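J.: Predicted structure and sequence below. I'll ask about it afterward.
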Amino acid sequence: MKPYRKLAVIWAIIIFILLLIPKKNFDNPKFHVIENLDKIIHFFIFAVCNFLLFKASYSKLTAIKRLKYTFLIILYGIILECFQEIPFIKRSFDIKDILANALGAITVWLVWEIFVSLKAKAPAQKTLVFLIFCGFSQFAKTQHAPAPPFEFRGVWIATVKNIDYPSISTLNSNQQKAEFIALVQFHKKLGINALIVQVRPHADAFYPSQFEPWSAYLTGKQGQPPFPYYDPLQFMIEETHKAGLEFHAWINPYRATINDKDFVAKNHITNIHPEWFLHYGDKKYFNPGLLEVWDYTQNIVKDICERYDIDGLHIDDYFYPYRIPNKVFPDYVTYKKNTRNLSHEAWRRSNCDTIVKRIYQQVKSINPYLKFGVSPFGVWRNKDKDPEGSNTRAGQTNYDDLYADILLWLKMGWMDYVAPQLYWEKGHKLADFDILLPWWNAHTYNKQLYIGIGIYRNLDNAKGWDKHTELPQQIKDVRNASHAQGFIFYSSKILEKESMGWKDSLKNHYFNSNALVPYIENLPQISIEAPILSYNKKNLIVNYIGKNQVKQLIIVKQISPQKSEIVFSSQFEKEAQIPLNKLEKDTNYYLFLVGRYNHLSPGLKLMIP
């Protein structure tokens, strides 16, 4: 057999084998190179065989024959595309592929004619250029799966004083469970994807703890367990995850009591170690300057993170207490015992630095993918005190009054996300939302930024929050901020009670399609293998045999090259069947699996019959 005939046979065999490979394998982004090679090889081998079969340089053929061979290449592409419709191959017919093939062939023909017109004298070089153009014309048309939308949409659920949950402290266990399930479903329908639940209001617990007593807000009396007995934190986590939402455990590191008149259980830490506490106003606070307090707080964090499958640990703005007029926080004696060669104010900031750093390190030592977030007061520092501060005139600030140097913590990487409480309206005279949002956007230091939005101010009749446009405009502004990745609303009950129609706006407009919670980008990415897809007459069948844990299956609809939306979402572990009648024909759909920490599998294009 002559060499050119051998090549022709080899060519035919390779093309046939390539066509037998199911299309789903080429839709896997891991194999985009293979997909490109698939397309390049089709044309590369065809061109070589065409060259050898006619025993002559392409350039020696007449212009008419060159044009004929160009149309043969186009016809070849059409035949290949039609051949892909064989059922067991499951490679869908795509008119765009045919048009791209034709465009590639015509481009090569035009370039060749230009070379011929210039009377080029290097046939081998012309052949090489021909093959390269064929390859690149195919390489350029590779379609990648569109990325699904990522956005943090959280809500704070305050348990202190029964602000949000439970509604009253005298509910029995079954009533508490029913109330929490209803709360989760309400927020899921609204488009929320993360709950930040206060599980340690003030040195008490919404879970069985060896360190602290049961919370009075849970049972009506501090130290009294729920009846019938259950673990509320475990229950809340399970119900939140069932609904496909994240659960962030919210604790306060320093607050010990909130009213001197409240009953305090015998096993409360203020009775066991009264020397650890300082009295300020009508409240007791852990003394931030004591090593024992640092160790104790770290043990609380360790206990929660080791025992519970939470998605994040969250602390709020209560560091050193907000100043009370004409009263001094009584920590001077502690300061004088160990100044560490710092001024009193720098020493206080150093104490907060230490506790935040230790909490972060404790969280990451248990699970590096577990998120740690801080929600500080909305103003780091006023510009009249520091040129790096915001152009605001806040009466109290993080740095100067609460001794929380948020910027240092961000620079040092001691948190995964920051959620500043920008509770003021647009145009506020002292702390304008329009000034603070761009300031925080410019000071993220590559950490995730979620903006705390104070919808509670609507019920307080605060100026500006009586406008229907305030919340929608703030949402738009946050989405236009280059480094902001979402919102957290304060608080849950306000979303239920507000009278401005905002919850309908969220549900029907701003959150009308789902979004995934962003994963932590500066950690090693967890590889989630693509699932195996198969079809029957009614269903799409999804099977996962990968080693890494997955929690969710989503289907993304591509609306444009730059826009996509999640049209289907469900909890997923190993296998699922999705009715095909839920999906429209002639629409680009891509299926992804979502890992435990929100990493994605490669997107697989679906073929809807």
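T.: Nice, thanks for sending it over.

J.: which residues of this structure score low on pLDDT?
T.: Within the chain, the stretches with pLDDT under 70 are 1-67, 69-70, 72-74, 76-77, 79-144.

J.: One more pass at 50, please.
T.: Filtered on pLDDT under 50, the chain yields the residue ranges 2-4, 22-39, 49-58, 84-92, 120-143.

J.: in terms of contact, does Leu218 touch Thr170 like I think?
T.: No - in this structure Leu218 lies outside contact range of Thr170 using C-beta atoms under 8 Å: 10.1 Å. Bear in mind the C-beta positions are built from the backbone N, C-alpha and C, glycine included.

J.: Mind checking which of these two has more residues around it?
T.: In this view Leu218 and Thr170 are compared by other C-beta atoms under 10 Å, and Leu218 has more residues nearby, 25 against 11.

J.: Beyond the helix or strand encompassing the more buried one, next helix or strand please.
T.: Element membership for Leu218, per DSSP states H and E: helix 216-219. Sequence-wise, the next helix or strand downstream of helix 216-219 (DSSP H and E) is helix 232-242.

J.: Let's see that next one as PDB, backbone CA atoms only.
T.: Output of helix 232-242 as PDB, limited to C-alpha atoms (Å, rounded to 0.1, in the frame of the first residue of the first chain):
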ATOM      1  CA  PRO A 232     -30.300  23.400  69.200                       C
ATOM      2  CA  LEU A 233     -27.100  24.300  67.400                       C
ATOM      3  CA  GLN A 234     -26.900  20.800  65.800                       C
ATOM      4  CA  PHE A 235     -30.500  21.100  64.700                       C
ATOM      5  CA  MET A 236     -30.100  24.600  63.300                       C
ATOM      6  CA  ILE A 237     -27.000  23.600  61.300                       C
ATOM      7  CA  GLU A 238     -28.800  20.500  59.800                       C
ATOM      8  CA  GLU A 239     -31.900  22.400  58.800                       C
ATOM      9  CA  THR A 240     -29.900  25.200  57.300                       C
ATOM     10  CA  HIS A 241     -27.800  22.800  55.300                       C
ATOM     11  CA  LYS A 242     -30.900  20.900  54.200                       C
END
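
J.: what distance separates it from the middle of the whole chain?
T.: 20 Å (C-alpha atoms, centre = their mean, to the nearest Å).

J.: Which elements pack onto it?
T.: Packing contacts for helix 232-242, counted by 3 or more C-beta pairs under 8 Å, 6 or more residues apart in numbering; DSSP states H and E, involve helix 173-190, strand 194-200, strand 246-251.

J.: Would you mark the buried spots in it?
T.: Neighbour counts over helix 232-242 (16 or more other C-beta atoms under 10 Å) mark 232-233, 235-237, 239-241 as buried.

J.: Equivalent analysis for stretch 386-396, please.
T.: Within stretch 386-396, judged by 16+ other C-beta under 10 Å, the buried ones are 389-390, 392, 394.

J.: Just name the closest of these to Ile304, please.
T.: Ala394 (32.1 Å; C-beta to C-beta).

J.: Helix, strand or coil: sort out that closest one for me.
T.: coil (DSSP: H, G, I helix; E, B strand; the rest coil).
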